[in-house]
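S.K.: Test case, fold it:
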Amino acid sequence: MQKTEARHGRGATLNATSTRFHVPAHEADGDWRDDRETIDGGPPPLRTSVTVEAARTIITRNQSPDIGFDRSINPYRGCEHGCIYCFARPSHAYLDLSPGLDFETKLFAKPEAADLLRAELRKPGYEVRPIAFGTNTDPFQPIERDWGITRACIAVLAETRHPLTITTKSDRVVREIDLLAPMAAERLATVVISVTTLDARIASTLEPRVPHPKRRLAAIRALTDAGVPTYVSLSPVIPHITDHEMEAILAAAAEAGAIGAFFLPVRLPLEVAPLFRAWLDTHYPDRAAKVMATIQSLRGGRDNDPAFFARMRGQGPWAELLRARFRLACRKHGLDHVKLDLRTDLFRPPAGPQYSLF
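M.R.: As a prediction, the model looks like this:
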């Protein structure tokens, strides 16, 4: 593996706290293929390369007033799922890589994450708050099968009885039930499964390497049956593409056992907007202009509104209509539960390093 130099700022290779090591290219995990073989052959095989990132810290802090957590862990940069709307795509520009195909194929992994997490939890004066997974790229994207970084971090939090939340589009999360169920029994864990559409044909281009919607609903059922409080996210809702499915998705999620729900209108920050426009022109040329006109009506006349609070809610009649429909459907299906408060009083710092007496 060859070490490369770190650089600073947007367009940099990595930030100053990281080092790059290259791992040979491999073909992405094919768990999704059996779901899509009947849909025009499914998405093409994806060749990915992974760069090992030797990060110095693993917990990312934020002070955003419209986000319900102040810390998160992102085991990976880039994401094989390939969701065209992903708001994390522009982060690859900081690595001198494209927010398009590079974001899906040139990945970064942090294999020392669990050790770094132990060290941070061991620091004197550490203040416990829930740690969020899945706030940037998906912690259960296909490479997690081989790298297991997310699982290793969850194991540390389970051992220390530290609260966590997980947001994912992958049913791979059910493989962690052995860790999550005991944590949930002590009110230390919740999971959010994202279901943007029930239509496999839409999903096959919108989020081409995400597990089939039916598998995500099955994951909600498996987690719920294991006692893990599980919510459904309809984020993002895309006008004239997926918005008509809102009530059906909520009904299916409730049937699967979800206890609550939330949604966000689609966001198109920075380089995501031209990528999304190109996707519309390719797959929905008949309505591309209408979709963008409605998105701009939600975003104050622009493709994106980055202002705090507005970015999560949208504005105008379309936003109000979406919220009204969502409230009614949640009430109908019993999904209007308040957010579960996780316990922070059970935390016990990890043991320090063991030194030999000889």
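S.K.: elements contacting the strand or helix carrying V192?
M.R.: Using DSSP states H and E, V192 maps to strand 189-194. Here strand 189-194 touches strand 164-168, helix 177-185, helix 213-225, strand 230-233, going by 3 or more Cβ pairs under 8 Å, 6 or more residues apart in numbering; DSSP states H and E. No exception for glycine: its C-beta is placed from N, CA and C like everyone else's.
S.K.: Now do the closest residue to N62 other than its chain neighbours against P274, distance only.
M.R.: Nearest non-adjacent residue to N62, counting by Cβ to Cβ, 6 or more residues apart in numbering: D70, 6.2 Å away. Counting by Cβ to Cβ, to the nearest Å, the gap between D70 and P274 amounts to 32 Å.
S.K.: Name the residue in those two with the higher neighbour count.
M.R.: D70 (16 against 13; other Cβ atoms under 10 Å).
S.K.: So that one sits against V128, correct?
M.R.: No - if you go by Cβ atoms under 8 Å, D70 and V128 don't touch, sitting 11.2 Å apart.
S.K.: Output the below-cut-off pLDDT ranges for the stretch 201-350 of the chain.
M.R.: The model of the stretch 201-350 of the chain has no residue with pLDDT under 70.
S.K.: Now do the strands in it.
M.R.: According to DSSP state E, counting those that start in this stretch, the stretch 201-350 of the chain carries its strands in the segments 230-233, 260-262.
S.K.: Which one of those lies nearest to E144?
M.R.: If you check each of the strands of the stretch 201-350 of the chain against E144 by Cβ to Cβ, strand 230-233 wins as the nearest, at 18.7 Å.
S.K.: elements contacting the closest one?
M.R.: strand 189-194, helix 213-225, helix 246-256, strand 260-262.
S.K.: Pull out the CA atoms of that strand and give them to me as CSV.
M.R.: What follows is strand 230-233, C-alpha atoms only, in CSV (Å, rounded to 0.1, in the frame of the first residue of the first chain):
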residue,chain,number,x,y,z
THR,A,230,-37.7,1.3,14.4
TYR,A,231,-38.9,4.3,12.4
VAL,A,232,-39.4,4.9,8.7
SER,A,233,-38.0,7.8,6.8
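S.K.: List the pairing partners of it within its sheet, with orientation.
M.R.: strand 189-194 (parallel), strand 260-262 (parallel) (DSSP bridges).
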